[in-house]
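*Asks:* structure of the sequence below:
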Amino acid sequence: MSFSWPSPTVLSLGLLLLACVSSPVMADPLPPPQGEVLLRVTGAIEHPNVGDELQLDRELLMSLPQREIETSTPWTEGIGRFEGPLLRALLEAAGTQGDHVRIQALNEYETEVPITDFHDYDVILALQRDGEPIAVRDLGPMFVLYPFDDHPELHNETIRHRSVWHVGSIHVP
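*Replies:* Below is the predicted model of the structure:
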């Protein structure tokens, strides 16, 4: 049995693939918001854009990787088409390293959410429903939305408590 080395082209492609897979993707820091700040991400973040916070207006939130979820929710009638940034993309943009976050609503309701939720499911920060911005009177201006209809296991009290509406800030301990 004889051994032959791979061709230089195959070896180069293999090394390039290995470098892409093993090196972390560094998110470019987001610029400061130009419009009304809708969300503040505080705490253990590596990419602040105003002081030690990541502040986001609608335009910055919409610049993050988006997802559309068609689902019913415990708080709305019928099936809606919700759109917004993936929460895992938001946390990547902030440069977080924690294992959970504290999400606080404008009315100061607060809950802890494990970051694994954002990797196990396509959880979004819903900004729009059926193509329209979500009004404050209708759970807005944004809320944490799990893909309920795609995952029956999400229909439980724990997930309902993590589905914060009127989101104002996210803190990374």
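
*Asks:* could you give me the average pLDDT of stretch 144-155?
*Replies:* The predicted model assigns stretch 144-155 a mean pLDDT of 96.

*Asks:* report the buried residues of that stretch.
*Replies:* 144-148, 154 (16 or more other C-beta atoms under 10 Å). In short, each C-beta sits where N, CA and C put it, glycine included.

*Asks:* gap between the two ends of it?
*Replies:* According to C-alpha to C-alpha, to the nearest Å, stretch 144-155 extends 14 Å from its N-terminal end residue to its C-terminal end residue.

*Asks:* then stretch 118-133?
*Replies:* Between the opening and closing residues of stretch 118-133 lies a distance of 22 Å (C-alpha to C-alpha).

*Asks:* all helices of the protein, in order?
*Replies:* Secondary structure of the chain, counting by DSSP state H: helices at 8-22, 58-63, 87-94, 116-120, 157-162.

*Asks:* now distance to Pro65 too, for the buried residues of stretch 144-155, in CSV please.
*Replies:* Rendered in CSV, the data for the buried residues of stretch 144-155 read as follows (distance: C-beta to C-beta, whole Å):
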residue, distance to Pro65
Val144, 16
Leu145, 15
Tyr146, 17
Pro147, 15
Phe148, 21
Leu154, 21
